[in-house]
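**Student:** Sequence and predicted structure, then a few things I'm wondering about:
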Amino acid sequence: MMFYEKLKECREQLSLSQEDIAKTLHVTRQAVSKWERGINEPDLETIVRLSDLYGVTIDTLLREDLSVVRKLAVKERSYRKLLIAVAVLGGVVLLMLLSISLQIKS
């Protein structure tokens, strides 16, 4: 069973509407609908929240659908690269400010 099918099945087993899920997760009903139709996937944090809400493990949701796992891995790598770039840039700015501050004091 694909990830999106499991999302819908879990929601229906709890007799929840897409609107109920949307309100709980602070997303739109359309977002939930797209997840359940396989058009989009939620981010990793939302998958964790869905697994908690549905009372199933993340493994249960993702096990058979490796395409979603691969997409999440690519997104996470991109996010890490962005964080590293921001940290490096912040360090450079800090060093520049420190250098300017020392020149002013001299």
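**Tutor:** All right, it came through fine.
**Student:** and the gap between Ser101 and Ala22?
**Tutor:** Distance of Ser101 to Ala22, given as C-beta to C-beta, to the nearest Å: 49 Å. Bear in mind the C-beta positions are built from the backbone N, C-alpha and C, glycine included.
**Student:** In terms of neighbours, single out the busier of these two.
**Tutor:** With neighbours defined as other C-beta atoms under 10 Å, Ser101 and Ala22 compare such that Ala22 has more, 16 against 9.
**Student:** ok now do the nearest residue to that one once chain neighbours are set aside, which residues does it touch?
**Tutor:** The shortest distance from Ala22 to any non-neighbouring residue, by C-beta to C-beta, 6 or more residues apart in numbering, is to Arg29 (4.4 Å). If you count contacts by C-beta atoms under 8 Å, 6 or more residues apart in numbering, Arg29 has them with Gln18, Glu19, Ala22.
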